[in-house]
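J.: Predicted model follows, preceded by the sequence.
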Amino acid sequence: MPTTTWNRHHILSLADFTTTEYDTVLQTAASFQEVLSRRTKKVPTLQGQVVANLFFESSTRTRSSFELAAKRLSADTLNFAAATSSMTKGETILDTAKTYLAMGTDIMVVRHREAGVPNAIAAEMDRLGVRVSVLNAGDGQHEHPSQGLLDLFTLCTLIDPASPRLELLKGKKIAIVGDILHSRVARSNIWSLIASGAQVHLAAPPTLLPKLFAEYILEEAGARNQEFIISSSPTPHSPLPTPQLFLHWQLEPALQDADFVMTLRLQKERMTAHLLPSLREYHQLFGITRTKLQLCKPSVKVLHPGPVNRGVEISSELMDDPEFSLIQSQVTSGVAVRMALLYLLGSGKT
Amino acid sequence: MPTTTWNRHHILSLADFTTTEYDTVLQTAASFQEVLSRRTKKVPTLQGQVVANLFFESSTRTRSSFELAAKRLSADTLNFAAATSSMTKGETILDTAKTYLAMGTDIMVVRHREAGVPNAIAAEMDRLGVRVSVLNAGDGQHEHPSQGLLDLFTLCTLIDPASPRLELLKGKKIAIVGDILHSRVARSNIWSLIASGAQVHLAAPPTLLPKLFAEYILEEAGARNQEFIISSSPTPHSPLPTPQLFLHWQLEPALQDADFVMTLRLQKERMTAHLLPSLREYHQLFGITRTKLQLCKPSVKVLHPGPVNRGVEISSELMDDPEFSLIQSQVTSGVAVRMALLYLLGSGKT
Amino acid sequence: MPTTTWNRHHILSLADFTTTEYDTVLQTAASFQEVLSRRTKKVPTLQGQVVANLFFESSTRTRSSFELAAKRLSADTLNFAAATSSMTKGETILDTAKTYLAMGTDIMVVRHREAGVPNAIAAEMDRLGVRVSVLNAGDGQHEHPSQGLLDLFTLCTLIDPASPRLELLKGKKIAIVGDILHSRVARSNIWSLIASGAQVHLAAPPTLLPKLFAEYILEEAGARNQEFIISSSPTPHSPLPTPQLFLHWQLEPALQDADFVMTLRLQKERMTAHLLPSLREYHQLFGITRTKLQLCKPSVKVLHPGPVNRGVEISSELMDDPEFSLIQSQVTSGVAVRMALLYLLGSGKT
């Protein structure tokens, strides 16, 4: 492992991550990626420590990824699933978290359908003066920082596998396409990509990307003295000196000359809420296909956080095409990045 | 670990526990409590042994506690949850237990909503002449011995952390407040506290503490030649030479000069069964608050087995007050005590 | 472990297993059976490898058996249960499998209610050119090869514990009784028993053993150039030189002089589908009892894959009689055989 100074105690959001922190995660994950290519894919780093997966919202993919990451660091894992939980017995979320604290948990990986729950647990742990770390594994429509970091790692290792670092994305055009409004994945990715100096182009129907979204982002960024420009004018062609965020209500200007296309999962519930006419029309307008990719750079790659609705966000054919799809690579990166996060949070503890 | 002779093969009830057994559990748990304060909280004691958690009734807290205890002893764990079980396929409980036996289980931790199920499984294992141990993790309204032992450990380590032992509670006044009738926690605690020489005061509304309850306890105790007096006369002030059990239908005489107050979880179903008027009235009469604690000794501490209905059994404010609340300490003790129990049952096996 | 050459990459069916393969599994399982009799029942063989249990159909018994087998080989395990899966989010089965592949899974143990799912996943893995092995843990009414192999191991170790091998069953008369038509267990057992040279007698009511079943078996066998005779004439007395499969619509000719009786689980749904008159009548005609066993050889033993409907497929009394019942032995064999299968699939990987 690289010797680093890591001072962040909880990982709740990427909004205030520093370049040094991004680079530390990327380098640490690269070391673990190497471990994972060995026959014995285990290291004793977190032996005797306890990682509790508190999944108040059910998940297969993210929970398995965190569980495997923890096991490969030789940690003991506890799984809490909402279905069989004492939540149904009227206990509060904070009391559940404090129970796992009292059992000796070192790191809590928390998913909840409401935004802010991981922050609330982290605040309570800090108030109690205990050293437990909280890692946000997705909270409502707020953030999903480990997904943002694994996407970043996937892109950076593609460019320089030996030395992934944030600056590699400087000036790259990256399109994020789909249900931006409801996506915690998009909200985490926006911070990391802007921080890298990439040009980030959001594309969605107006119901899934209201103008108000720009103000939300600016407000969050302003609170942290981050400087970047948000624009909804379609001028994607000119190379830009400073990082920028663009909003588009059509797909084409976002795809034009793009280096990478990030597609987002479309929740079927959006249909019933009358935000979209039909899945078929959505696919026609915003679904990514090989034909539409011809607008992008020839070397373009496509990402999706999964699970994929084939033929909706992305054509089935394109999803399976290793020339364009980074989807499997994202899953693999996920284990390495989550090992890195658990390692960085856990290794300081004594 | 202390070198001890431990002959009990199953842990099903505290009704016939001896002073030596209590002290062995307390001392062994104290050793493990020390292990848990190290960075590497694992010992290889039960490596290669299998602990099966057969939870026919779902539970988060107790199952996690046993699972963590087993993992910290390096045992392999199997989790059986009723929801996905073959029980729905018509197999009997004993056949399920025998299946886990045949797979090579060394210790079965059993929870069931019916009293007597762990005893029945233990009897079947003995009949078959196998060395599998059964540990009752809560059976209906009968007993919850590991909870009783962790409560005992919590109290004794508070008085003498270096050397917790049963005699430390001699002459202490301990109030148990709440739904005594339906509580397996109370039923286990009564045996350990009486055995310690404490003065045990039960307080509850008459519907949750019928006079018949005294006869049940006396009958059980008589069967084991235990000597103590059950009284429902409110004479809590005079120091008493022999252990006694008092029944109260008001809170105040139980709290008067108490050293410890154990609150019990109130099942919301009691309301619908017309055993209680309302949660609000229950809290007014039997809920523990800072104000009511002024009746107790100034050093009084409050326990609760969790999960807590805040504002019902105990005020939210009091629950979070580290000066009075031992609730988090109970959870921590739970892991150490369950490690001790698994160790004592498992280490004799070869 | 015996040094063997094992070339099969997936275990999906027993229809084309060779004698050498059967014998390798039997000998490897015998080695692990020996490991399981030690105090420390673990070997480091698969340390750092990942076994994913993808149970799209829920199961307690088989999943626990595979999980324990994997843990005793020191593999890390991931459990996927359909109930909390992303399947409900519209992802395809192959995409779920590919996600576990991308996480670094080495062996996938797959159960699904539809026949052919494990084969489809294996085909996809091969198409992708990856080294992941797929093990069929039961697919619809098709096959359950690990159950067939553990039944075989149970029979062969009974005859020669030191050296179980396929030829030990040559000429033995083995009755398979019950719901043949819907049984994946029967379909796997037929291949292994025929391969051993045993005389296999199927007995069931006509609704659960249609004549068409013979044609299905012959077709499958013909495709693999296997030679054996299927007969529905009741001539069980004469010793026969070549392996044969007999169909009976009454119990008695199948039991006559049988060495072993395999009973099958009766799904209660068969009643509602009007395939059977009543459980009671079924038990009278085809349920195995001590009385009916008097038709068999005196040394006869009875098997059942579990979970058992006591008093339906087999009398409660007989099930618990260690003189006749091999049911517990089958469960124990299951762990050893599954360790062998995971070992043979996993040890070649580097």
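T.: Structure's in. What do you need? Residues are numbered from 1 along each chain as shown, chains lettered A, B, ... in the order given.

J.: For chain B, what is the nearest residue in the stretch 101-250 of chain A?
T.: Of all residues in the stretch 101-250 of chain A, the one sitting closest to chain B is A:Ala102 (3.5 Å; CB to the nearest CB). Placement of C-beta: from N, CA and C, glycine included.

J.: what's that residue in contact with, if anything?
T.: Shown in contact with A:Ala102 (CB atoms under 8 Å, 6 or more residues apart in numbering or on different chains): B:328-332.

J.: quick one: which helix or strand includes it?
T.: helix A:93-103 (DSSP states H and E).

J.: and A:Thr157, that one's in a helix?
T.: Yes - read with DSSP: H, G, I helix; E, B strand; the rest coil, A:Thr157 is one of the residues of a helix.

J.: Please name the nearest non-neighbouring residue to it.
T.: A:Pro164 (4.7 Å; CB to CB, 6 or more residues apart in numbering or on different chains).

J.: The one you found: what's it in contact with?
T.: Neighbours of A:Pro164 in contact, by CB under 8 Å, 6+ apart: A:26-27, A:29-30, A:153, A:156-157.

J.: Out of these, list just those in helices.
T.: Taking DSSP state H, the ones among the contacts of A:Pro164 that sit in helices are A:26-27, A:29-30, A:153, A:156-157.

J.: And those residues, which is closest to A:Leu341?
T.: Comparing these against A:Leu341 with CB to CB picks out A:Ala29 as the nearest, at 8.4 Å.

J.: Now do the contacts for the closest one.
T.: Counting by CB under 8 Å, 6+ apart, A:Ala29 makes contact with A:149, A:153, A:164, A:333, A:336-337, A:339-340.

J.: Could you identify the most distant pair in those residues?
T.: Every pair of the contacts of A:Ala29 checked by CB to CB; the farthest is A:Pro164 and A:Met339, at 14.6 Å.

J.: Kindly indicate whether the residue lying closest to A:Leu193 once chain neighbours are set aside is helix, strand or coil.
T.: Excluding the flanking residues, the one nearest A:Leu193 by CB to CB, 6+ apart is A:Val200, at 4.8 Å. Recorded secondary structure, A:Val200: strand (three-state DSSP).

J.: Okay, A:Val200 and chain C: tell me how far apart.
T.: Distance of A:Val200 to chain C, given as CB to the nearest CB, to the nearest Å: 26 Å.

J.: now A:Val50
T.: 16 Å.

J.: same check, this time on A:Ser316
T.: 9 Å.

J.: and if you look at A:Ala254?
T.: Taking CB to the nearest CB, one finds A:Ala254 at 25 Å from chain C.

J.: ok so, going back, quick one: the helix holding A:Ala102 to chain centroid distance?
T.: Centre-to-centre, helix A:93-103 and its host chain are 26 Å apart (CA atoms, centre = their mean, to the nearest Å).

J.: now swap in stretch A:174-183 and tell me
T.: Distance, centroid of stretch A:174-183 to centroid of chain: 12 Å (CA atoms, centre = their mean).

J.: Can you point out the buried residues in that stretch?
T.: A:174-183 (16 or more other CB atoms under 10 Å in any protein chain shown).

J.: lowest average confidence, helix or strand, in chain A?
T.: helix A:269-272 (a mean of 68; mean pLDDT, DSSP states H and E).

J.: For the helix or strand that that one is followed by, which helices and strands make contact with it?
T.: Using DSSP H and E, the helix or strand that follows helix A:269-272 towards the C-terminus is helix A:279-286. The helices and strands touching helix A:279-286, judged by 3 or more CB pairs under 8 Å, 6 or more residues apart in numbering or on different chains; DSSP states H and E, number zero.

J.: who touches helix A:279-286?
T.: Contacts of helix A:279-286 (CB under 8 Å, 6+ apart): A:177-178, A:203-205, A:250-251, A:266, A:268, A:271, A:276, A:309, A:311-313, A:315.

J.: Specify which member of those is nearest to chain C.
T.: A:Asn309 (5.1 Å).

J.: contacting residues for that closest one?
T.: Taking CB under 8 Å, 6+ apart as the test, what A:Asn309 contacts is A:265-266, A:268, A:279, C:90-91.

J.: how about the residues you listed in JSON lines, adding neighbour count and pLDDT?
T.: Listed next are those as JSON lines, based on neighbours: other CB atoms under 10 Å in any protein chain shown; pLDDT from 0 to 100:
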{"residue": "A:Arg265", "neighbour count": "21", "pLDDT": "94"}
{"residue": "A:Leu266", "neighbour count": "24", "pLDDT": "90"}
{"residue": "A:Lys268", "neighbour count": "13", "pLDDT": "74"}
{"residue": "A:Leu279", "neighbour count": "17", "pLDDT": "87"}
{"residue": "C:Gly90", "neighbour count": "16", "pLDDT": "70"}
{"residue": "C:Glu91", "neighbour count": "21", "pLDDT": "82"}
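
J.: now the helices for the stretch 101-250 of chain A?
T.: For the stretch 101-250 of chain A, the helices defined by DSSP state H, counting those that start in this stretch occupy A:117-128, A:145-159, A:184-196, A:212-222.

J.: could I get those as TSV with distance to A:Tyr22?
T.: Formatted as TSV, these follow (distance: least, CB to CB, whole Å):
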stretch	distance to A:Tyr22
helix A:117-128	20
helix A:145-159	7
helix A:184-196	6
helix A:212-222	16
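
J.: picking up where we left off before, show me which pair in the contacts of A:Asn309 is furthest apart.
T.: Pairwise over the contacts of A:Asn309, using CB to CB, the maximum falls at A:Leu279 and C:Glu91, 15.1 Å.

J.: Okay, and the nearest residue to A:Ala203 once chain neighbours are set aside sits in which element?
T.: In this structure, A:Ala203 finds its nearest non-sequential neighbour in A:Ala254, 3.6 Å apart by CB to CB, 6+ apart. In the assignment (DSSP H and E), A:Ala254 maps to helix A:252-255.

J.: tell me the mean pLDDT over that helix?
T.: The average pLDDT for helix A:252-255 rounds to 96.

J.: helices or strands next to that helix in the packing?
T.: Judged by 3+ CB pairs under 8 Å, 6+ apart, helix A:252-255 is in contact with strand A:173-177, strand A:199-203, strand A:244-248.

J.: Would you format those as a markdown table with distance to C:Thr45 and mean pLDDT included?
T.: What follows is those, written out as a markdown table (distance: least, CB to CB, whole Å; pLDDT from 0 to 100):
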| stretch | distance to C:Thr45 | mean pLDDT |
| --- | --- | --- |
| strand A:173-177 | 45 | 98 |
| strand A:199-203 | 48 | 95 |
| strand A:244-248 | 52 | 91 |
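
J.: Export those strands as TSV, with columns for distance to A:Ala15.
T.: Shown next, in TSV, are the helices and strands packed on helix A:252-255 (distance: least, CB to CB, whole Å):
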stretch	distance to A:Ala15
strand A:173-177	16
strand A:199-203	14
strand A:244-248	13
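
J.: Mind checking if the stretch of helix or strand A:Leu341 belongs to is in reach of chain C?
T.: In this structure, A:Leu341 sits in helix A:327-346 according to DSSP H and E. Yes - for helix A:327-346, a contact with chain C is found by CB under 8 Å from any CB of the partner chain, at A:328-332, A:334-335.

J.: Now do that helix against helix C:93-103: the angle between them, please.
T.: Helix A:327-346 runs at 50 degrees relative to helix C:93-103, counting by axes from the mean of the first three to the mean of the last three CA atoms, to 10 degrees.
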